[in-house]
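Student: this is a predicted model, with the sequence first.
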Amino acid sequence: MKQKFFYGALIVSFLLSGVAHYTDMSSTVQFIISAIAIVFVAGFLGKATESVAHYAGQRLGGFLNATFGNAAELIISIFLIKEGLFDMVKASLTGAIIGNLLLVLGLSLFAGGLKYKEQKFNISLAGHNGTLMLMAVVALIIPAMFAGTKVITPKETDTLSLIVAGILIVAYIFWLYFSMVTHKNYLSDQEEMEPDHHEEPAWSKSKSVLFLVVATVMVALVSEWLVGTLHDFTTQFGFTELFLGAFIIAIVGNAAEHSAAVMMALKNKIGTSVEIAIGSSLQIALFVAPVLVFVSFLFGETMDFVFTTIELVAIGVAVIIAKSITQDGKTNWYEGLLLMLVYVILGVAFFLV
């Protein structure tokens, strides 16, 4: 019954979003319908990736979930870049990083902790994740520092941004090789090293891959429709691009990670939840953001890698507390609550800007 309701809501919301986009409905109505639609589409994407994870194994499954979950963020950002909304792109990237580290991870730890007194995951993986997160913060601070002190010109800032973006992409590719190939067993939880055969997947292998592709296409369409409403929506309600990008777009775009990470935590697969939440943040910082710099370059106007002081502080705060909480490889519900409370504090601060 629940599945029938979900698929019915998915189809109806998707069709209504398309109708709203191609008719003369108000921007507010279009935004609300598209936001609801992308939540259901992201949920469909999450189900497809979870089914694929059954055949691929939990570690690779978590990576796939983070990757396809970030498809919405990447696609939304490309459309925003096409419109020249660079500040909103940076805000949405900031929101995606802190949303995954504080909201997605926090909600997962909280939900899993209420069911299980203590949950454990690979402590070596936690250490490497923490180091990579700090590297991402350093890579964001350096361009902002040099551009902010005016020691380099805007053209040199663009050059530095492209070089830093390229280095981060290389670092991320080697991290995948390190974690998935040369040190795969070292970074895997013992019970998650083999594919999950304890539960039946939702679909067959071929159908799972097909639905993964279909869901990604649906995300792309709804994302384009959503972006088309943002300018009028922000003007009408007085939201700043910073708040809209960092929280509203980020929460909508992270819907797939929310559902999948919490679901895994409730199944006592906290290692997969951590892989989805922290792995998704790392993917945003080390791969998605750098790729968007190159995408903007191809569009003819380079989006520099210079984030505002507010954005850098928010990311830094999220990284510090997330690293502190996960570095021992053990979690409980109270640590999840702390992460969510920090997210609320940042949300209020961004709203008041």
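Tutor: In hand now; what should we look at? Numbering: from 1, shown residues only.

Student: show me where the protein has strands.
Tutor: Along the chain, counting by DSSP state E, strands occupy 119-120, 330-331.

Student: the first one packs against which elements?
Tutor: Contact analysis of strand 119-120 by 3 or more CB pairs under 8 Å, 6 or more residues apart in numbering; DSSP states H and E lists helix 105-115, strand 330-331 as its packing neighbours. Placement of C-beta: from N, CA and C, glycine included.

Student: most tightly packed of the ones you listed?
Tutor: Across the helices and strands packed on strand 119-120, averaging neighbours per residue (mean count of other CB atoms under 10 Å) puts helix 105-115 on top, at a mean of 23.

Student: which residues sit against that one?
Tutor: Helix 105-115 is contacted by residues 119, 258, 261-262, 264-266, 268, 270, 273-274, 276-278, 322, 325-326, 331-340, 342-343 when judged by CB atoms under 8 Å, 6 or more residues apart in numbering.

Student: got it, and stretch 305-313?
Tutor: Here stretch 305-313 makes contact (CB under 8 Å, 6+ apart) with 90-91, 94, 137, 139-141, 143-144, 147-148, 157, 160-161, 164-165, 242, 246, 289-290, 293, 315, 350, 353.

Student: so what's Gln33 up against?
Tutor: You called it Gln, but residue 33 is Ile. For Ile33, the contact set (CB under 8 Å, 6+ apart) comprises 13, 16-17, 20, 25.

Student: tell me which of those fall in helices.
Tutor: Among the contacts of Ile33, DSSP state H puts 13, 16-17, 20 in helices.

Student: distance of Ser273 from Leu210?
Tutor: Separation of Ser273 from Leu210 (CB to CB, to the nearest Å): 26 Å.

Student: and the two? Which one has more around it.
Tutor: Set Ser273 next to Leu210 and count neighbours by other CB atoms under 10 Å: Ser273 wins out with 31 against 13.

Student: the residue lying farthest from the centre of the chain and Gly95, how far apart?
Tutor: Relative to the mean C-alpha coordinate of the chain, counting by CA atoms, centre = their mean, the farthest residue is Val151 (33.1 Å). Distance, Val151 to Gly95, using CB to CB: 29 Å.

Student: and if you look at Gly112?
Tutor: Distance, Gly112 to Gly95, using CB to CB: 24 Å.

Student: same check on Ile75?
Tutor: Distance check for Ile75 against Gly95: by CB to CB, it reads 15 Å.

Student: could you do Leu187 as well?
Tutor: As judged by CB to CB, Leu187 and Gly95 stand 28 Å apart.

Student: of the two, who's got more company?
Tutor: Gly95 (32 against 20).

Student: quick one: that one and Phe243 touch, right?
Tutor: No: under the criterion of CB atoms under 8 Å, Gly95 is not in contact with Phe243, lying 9.0 Å apart.

Student: what's the burial count for Asn122?
Tutor: Asn122 has 20 neighbouring residues, counting by other CB under 10 Å.

Student: I'd say it and Asn185 touch.
Tutor: No: counting by CB under 8 Å, Asn122 does not reach Asn185; the two are 10.2 Å apart.

Student: check Gln190 and give its pLDDT.
Tutor: Gln190 carries a pLDDT value of 50.

Student: what are the phi and psi values for Met25?
Tutor: The phi/psi pair for Met25 (degrees, to the nearest 10) reads phi -70, psi 160.

Student: residues contacting it?
Tutor: Residues in contact with Met25 (CB under 8 Å, 6+ apart) are Ile33.

Student: the one 3 residues further on now?
Tutor: Remark: with contacts taken as CB under 8 Å, 6+ apart, Thr28 is in contact with 229, 232-233, 236.

Student: which of the contacts of stretch 305-313 fall in helices?
Tutor: Cross-referencing the contacts of stretch 305-313 against helices under DSSP H gives 90-91, 94, 137, 139-141, 143-144, 147-148, 157, 160-161, 164-165, 242, 289-290, 293, 315, 350.

Student: only whichever of the residues you listed are buried, select them in PyMOL.
Tutor: The PyMOL selection below is limited to those of the ones in helices among the contacts of stretch 305-313 classed as buried (16 or more other CB atoms under 10 Å):
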select buried, resi 90+91+94+137+139+140+143+144+147+157+160+161+164+165+242+289+290+293+315+350
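
Student: ok so, going back, distance of the residue farthest from the centre of the chain relative to Val293?
Tutor: 20 Å.

Student: again, but for Lys330
Tutor: 37 Å.

Student: isn't Ile36 right up against Ser13?
Tutor: Yes: in this structure, Ile36 is within contact of Ser13 by CB under 8 Å, at 5.2 Å.

Student: got TSV for the ones in helices among the contacts of Ile33, with neighbour count, pLDDT and distance to Gly84 too?
Tutor: Output for these, formatted as TSV (neighbours: other CB atoms under 10 Å; pLDDT from 0 to 100; distance: CB to CB, whole Å):
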residue	neighbour count	pLDDT	distance to Gly84
Ser13	20	92	29
Leu16	17	93	29
Ser17	25	91	24
Ala20	21	89	24
